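J.: no sequence on this one, just coordinates:
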């Protein structure tokens with residue numbers, strides 16, 4: 001079975017979207033932001049501490 005051009009294009013688009021999401025998560029983590037959007041200084045769930 002041959003891969004059609006549309007399959008190749010879709011594969012590239014999906015890979016690009018996943019890569020962009022991973023890079024965004026890494027940059028946000030480096031900047032001290034987390035996926036929950038909360039303030040970790042008062043929350044404590046990201047570090048496992050209880051407030």
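T.: That came through, no problem. Please read all numbers here as calculations on a predicted model, not as lab measurements.
J.: Could you name the helices and strands sitting against the longest helix out of those in the chain?
T.: Looking across the chain with DSSP state H, the single longest helix is helix 5-30. Packed against helix 5-30 by the contact rule (3 or more Cβ pairs under 8 Å, 6 or more residues apart in numbering; DSSP states H and E) you find no helix or strand. All C-beta spots, glycine's among them, are computed from the backbone N, C-alpha and C.
J.: neighbours of residue 28, just the number please.
T.: As a burial measure, residue 28 scores 13 neighbours (other Cβ atoms under 10 Å).
J.: again with the one 3 residues further on
T.: As a burial measure, residue 31 scores 8 neighbours (other Cβ under 10 Å).
J.: Same question for residue 2.
T.: Quick note: residue 2 (other Cβ under 10 Å) scores 4 neighbours.
J.: Need the three-state assignment for it.
T.: coil (DSSP: H, G, I helix; E, B strand; the rest coil).
J.: where does this protein dip in pLDDT?
T.: Counting by pLDDT under 70, the chain shows low-confidence ranges at 1, 34-51.
J.: Mind doing that once more with 50?
T.: 49-51 (pLDDT under 50).
J.: how near is residue 33 to residue 19?
T.: According to Cβ to Cβ, to the nearest Å, residue 33 stands 19 Å off from residue 19.
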